[in-house]
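Student: My questions concern the predicted model and sequence given below.
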Amino acid sequence: MSVSEHVHGTGTIEPARVEEVADGVFAYVQPDGTWWINNTGFLIGDGGVIAIDSCATEARTRAFLATMASVSGGAPVRTLVNTHHHGDHTHGNYLFPAATIVAHEKTRAEILKYGIIERELVWPGVDWGDLRAVAPFLTFTESVTLHAGETRAEVRHFGVSAHTSNDSVVWLPDQRVMFTGDLVFNGGTPFLLMGSPSGYLQSLERLREFGAQTLVPGHGPVCGPEQIDVAAGYAAFVKETALRGRAAGLDPLALAYGTDLGDYQALTDSERLVGNLHSAYAELDGGVVDVFGALADMVAFNGGRPLSCRA
């Protein structure tokens, strides 16, 4: 199933795919899954819908809402879960005025702190729409359980920084389905600039323990648990590269220029290596990452060109 194509300021958007990954459980997969193009999902139960994440732009979020209405027969979206604070998963929150918005307490804090961040310098020319920052207003510290009819959905935070400080997963134990948020990128380079390489590896080990059969990643096609191994291998590669670069006295950008990506060459958005190295260096030094400085280095690594975005 797919939604119809729609057009906004940057041209025609490739249609999203809706995949029913279990009875009443749907993944909403948005190609091409790179910068600002995320996956969402939804669960249909008696009396309403639970949505998992919103989208980066007004147009994409409205398309997601239209799809849920079509598939559910117009059932109301009563709950919206945010897997973390990044704008590709939360910018559209304001278009869910009747829903209870649920997330980890740090997700709320980060959205209230940063709002809608400046994007034009790194990702220019996108028709974002009339965005307004709306933070979750029902928060948890470790976990909360939601119910869509007979479907039990456990929203879990693993207690460490990983992709961000506030990553949550949505685990459906009876269906063996996991909505991973951005703990898993299928086909894309994991991004740890606002998180922790070590915490990311810990979180991936926790993911393995659930024994999920189906993963709905934050970006890329629906997959199996083998993608956890890819993500863990990449994070270990980043940590090893950072140790080597630190010993050689190289800054993250210089180190990235001289790094052979090897098995990870085919992953999209390879410039994320620079941001990931910034995060790994901060972890080694006990320092704080200069996020916008790291983004500038990523643009430099990309030949001075803005980072790709088809949102």
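Tutor: Structure received.
Student: And stretch 211-229, end to end?
Tutor: 13 Å (C-alpha to C-alpha, to the nearest Å).
Student: for stretch 80-99, same thing?
Tutor: Using C-alpha to C-alpha, the end-to-end distance of stretch 80-99 comes to 6 Å.
Student: Would you mark the buried spots in it?
Tutor: 80-96, 99 (16 or more other C-beta atoms under 10 Å). C-beta: built from backbone N, CA, C; applies to glycine.
Student: need the longest helix for this structure.
Tutor: What stands out as the longest helix in the chain, according to DSSP state H, is helix 226-248.
Student: Counting by contacts, list what the following helix or strand past that one packs against.
Tutor: Going down the chain from helix 226-248, the next helix or strand is helix 252-257, by DSSP states H and E. Contacts defined by 3 or more C-beta pairs under 8 Å, 6 or more residues apart in numbering; DSSP states H and E place helix 252-257 against helix 226-248, helix 272-285, helix 291-301.
Student: out of the buried residues of stretch 80-99, which are inside helices?
Tutor: Using DSSP H, those in helices are 87, 88, 89, 90.
Student: for the third one, what are its contacts?
Tutor: If I follow you right, that is residue 89. Residue 89 makes contact with 38, 40, 53, 54, 55, 82, 83, 181, 182, 218 under the criterion C-beta atoms under 8 Å, 6 or more residues apart in numbering.
Student: quick one: the second one from residue 56, how far?
Tutor: Residue 40 sits 11 Å away from residue 56, taking C-beta to C-beta, to the nearest Å as the criterion.
Student: Next: residue 310.
Tutor: Applying C-beta to C-beta to residue 310 and residue 56 gives a distance of 10 Å.
Student: ok, now residue 300?
Tutor: In terms of C-beta to C-beta, residue 300 sits 24 Å off from residue 56.
Student: Regarding the nearest residue to residue 219 once chain neighbours are set aside, what is its secondary structure?
Tutor: Nearest non-adjacent residue to residue 219, counting by C-beta to C-beta, 6 or more residues apart in numbering: residue 33, 4.0 Å away. Assigned by DSSP: H, G, I helix; E, B strand; the rest coil, the conformation of residue 33 is coil.
Student: in the protein, which residue is closest to the centre?
Tutor: Nearest to the geometric centre of the chain sits residue 182, at 3.3 Å (C-alpha atoms, centre = their mean).
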